[in-house]
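Q: after the sequence you'll find the predicted model.
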Amino acid sequence: MPQRRSLEVPAIGDSVPVGIGQHAPRADALAKLTGQFRYATQERVAGQLYARTVRSPLASATIERLDTATAMQVPGAVTVLTAGDLPGRRLGAKVADQPVLADGVVRHFGEAVAIVVAESDDAARAMAESVDMVLIEIPALLEPKHALDATSPQVGPAGNLIATHRTQRGEGRGEVVVSRQWATGRQDAAFLAPEAAVAVPHPDGTIHLTLATQDIHSDHAQLTRALELDPAKLVLHNSGIGGAFGGREDITLQAHLVLATLRTGRPVRMAYSRTESLAGHPSRHPMTSSVELTCRHDGQFVSLKVRTVLDGGAYASNSAPVSAIVHDFSAGMYRFAAVDVDTTVVYTNNPPAGAMRGFGATQACFLIESTVDAAAAVLGRDPVSLRRQNLVRIGEALSITGQPLLGCADPRDVLDTAMAVAAPTGAGRGYRRGTGVALGIKSAGLGHGKPDPATVAVTLSAAGVTVESAAAEVGQGVTEVLRRIVGAQLPGLPVTVQTMPTTFPAAGGSKASRQTMASGGAAYRAAREVRRQADQRFGAEWTPASVGTHVIRHEMTYDGPATSKERPHKAFQVMAHRMTVDVEVITGRVEVVQAVCVQDCGRAVDPIGVREQLIGGTVQGIGFALWEERILDESGRQTTTGFADYLVPTAVDVPDVRAVILEVPHPDLALGAKGIGEGPLVSSPAAVASAVRAATGSAIARIPLWRSRQDCR
């Protein structure tokens, strides 16, 4: 069990020196608590115009006519932009298959068809309502299982297959056969601050776009390519970001705003409503999976066969790498003599699916942990002891990728730590109580041989230390991590972190739990070099007063441990959840009473920040398990319009969350620290489902559970 440490909280300040592992509030805490923090929705400039998007009400259609004459008669109307105003290049960080505006064909409900620009937001709204859009509906492909049928409509540019992965290794088959089917729904990122941005033309001919995004350099590359712009003529700046969770990885309003500014020569602002936000960015990939696990009568696992289909929606987005993560971790951390795993992601006319916290490992965890629960039921075994019996050990190869499990806590230690936390007292009358557990694994970093660099500059002067980085602070705490890592190398000096625009080298995206490893690794090395130069110039015993008028600056790019086919992942996040639920006998209503989250973070640079991530991700996972889902009707139209029907956990739904941090330093990473942000949303949904199974005896084959409440009775 990890040692408990007393909480000593110093005063809040954006440059107060704070050490590695010290319990202290984040530098941005005071501004956020007092309402002074500036989010993208608050960005405004003098003389700005207002833009709105015209979206398709159909899932699949040809555009017969777009009549904008009536819209241009609205008082205050400035312009209407359609696909005809574009060079015809496409968006997409992985696959450039998405038009900036629908190019004669509508491929999903909510697809952007036109942009209207006006002198006021009210005028822009009236314009959007006045665009006469005539669509001819054509057959839609809505069922992923039929996407590869020869008779199905073609949605993708070269068929309906986005990506497929296949692993077949080993031999053997156990006497006990457990076959099940599992499914997960369309979870949304549901960040509290919806999409917003302002584009401003400058006298030098550049356009400056201030926005909330996860990767300004990726956005910049896509925008300049799709709009055929000189890269030097577009500069992106990160605004304050009110949550992301993967939902800000794709281009939404960015290209529309730049296009509007190019056309009008004036600043243009756009901000989504909650309804538009729910239609405008990708969701988590819905999954269906057929699984066969065989084992010996004594519980030893022998073989695993998995057939998984993911719904990628109308455009590829991050579907290929998401499906690769689903594939790699479909066996979890369990030992199998033989695996036969096939994972496929397809195009449909459903809204696009993309990055979402957990990035495929959440779906993989649900399918394998649910199957282990089913095996325990068939064998009459305790689910915890069955897991412990079949977990791989440190240094042993994972069953699908063959990569050794290294640089992390032993899965048994994580499981045992979760089980050691004191359980809550018994359920009240009219309720059935159940406790369930799930173990999860997720990579940290991009992996699969992809470059993953980040650049940081550290400057020492008499005023203190400045850290320059383009890493997006999306609430995960990368700013605080950089401040602490640099401060540890240059102790006693105030440290200020400056968030840089695209004119500064890239930090890569705030995704894949990578910024602590990548930007943190770069900051660690840059600060060490600054310290070395300072020691050389001022002597080993130098003080801040020694610096005088001298300035020492060092810029460092760091890419971390290399990955390859044999080692597809840089590092592993290993976690476990134990959930205790009460299920109301009459209604089947589920209440999570206690949530235990245990995760190995390598080294807790900011212990309070780590704990917050574990709690927040756990609650988000509870929401996915019970309620969170974007609903489509039988025609592919999304009927979810806001937080009245997209149900996220509120304060009254949050249980007693016990977050336990394990620290097993990774030998190849700066300070041994690795990313942890996605982990708590990997195993928490599976653990909720496990607990409901324990309480009710029902199979619970699909999450979120609201669709099958009758199974909970």
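A: Everything's here; your move.

Q: could you list the low-pLDDT ranges of this structure?
A: 1-17, 708-713 (pLDDT under 70).

Q: which helix runs longest in it?
A: Assignment by DSSP state H gives helix 515-538 as the longest helix of the chain.

Q: tell me what it is packed against?
A: strand 454-461, strand 464-469, helix 478-489, helix 544-547, strand 552-558 (3 or more CB pairs under 8 Å, 6 or more residues apart in numbering; DSSP states H and E). (Glycine included, C-beta is placed from N, CA and C.)

Q: enumerate the positions of it that are buried.
A: 515-531, 534, 538 (16 or more other CB atoms under 10 Å).

Q: same deal with stretch 263-272?
A: Buried-residue list, stretch 263-272, by 16+ other CB under 10 Å: 263-264, 266-272.

Q: still on that earlier bit, ok, which of the helices and strands packed on helix 515-538 comes nearest Ala507?
A: Nearest to Ala507 among the helices and strands packed on helix 515-538 is strand 454-461; the distance by CB to CB comes to 4.4 Å.

Q: neighbouring strands - and their directions - for the closest one?
A: As defined by DSSP bridges, the strand partners of strand 454-461 come to strand 464-469 (antiparallel), strand 552-558 (antiparallel).

Q: could you write out the alpha-carbon coordinates of the last one in CSV?
A: These are the backbone C-alpha positions of strand 552-558, laid out as CSV (Å, rounded to 0.1, in the frame of the first residue of the first chain):
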residue,chain,number,x,y,z
ILE,A,552,20.7,31.8,-20.4
ARG,A,553,18.2,30.2,-22.8
HIS,A,554,18.1,26.6,-24.1
GLU,A,555,15.5,25.1,-26.4
MET,A,556,15.1,21.3,-26.4
THR,A,557,13.1,18.9,-28.6
TYR,A,558,12.5,15.5,-27.1
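
Q: touching that strand from outside, list them.
A: For strand 552-558, the external contacting residues (CB atoms under 8 Å, 6 or more residues apart in numbering) are 453-461, 505, 518, 521-523, 525-526, 529-530, 533-534, 537.

Q: what angle sits between that strand and helix 515-538?
A: 150 degrees (axes from the mean of the first three to the mean of the last three CA atoms, to 10 degrees).

Q: C-alpha coordinates for stretch 289-301, CSV please?
A: The C-alpha coordinates for stretch 289-301 follow below in CSV (Å, rounded to 0.1, in the frame of the first residue of the first chain):
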residue,chain,number,x,y,z
SER,A,289,-17.9,-7.4,-30.1
SER,A,290,-18.2,-11.2,-30.2
VAL,A,291,-15.8,-12.9,-27.7
GLU,A,292,-15.0,-16.6,-27.1
LEU,A,293,-12.8,-17.4,-24.1
THR,A,294,-11.7,-21.0,-23.4
CYS,A,295,-10.1,-22.2,-20.2
ARG,A,296,-9.3,-25.2,-18.1
HIS,A,297,-11.7,-26.4,-15.4
ASP,A,298,-9.2,-25.0,-12.8
GLY,A,299,-9.6,-21.5,-14.3
GLN,A,300,-6.5,-21.3,-16.4
PHE,A,301,-7.2,-19.3,-19.5
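
Q: and stretch 45-54, how far out from the chain's middle?
A: Using CA atoms, centre = their mean, to the nearest Å, the mean C-alpha position of stretch 45-54 is found 29 Å from that of the whole chain.

Q: ends of it, what's the gap?
A: 24 Å (CA to CA, to the nearest Å).

Q: likewise for stretch 400-419?
A: Stretch 400-419 end-to-end distance (CA to CA) = 27 Å.

Q: can you start the count at 18 instead of 1 from here on
A: Got it, the first residue is 18 from now on, which makes the last one we talked about stretch 417-436.

Q: mind listing what's buried in that stretch?
A: Applying 16+ other CB under 10 Å to stretch 417-436 flags 417-418, 420, 422, 424-432, 434-436 as buried.
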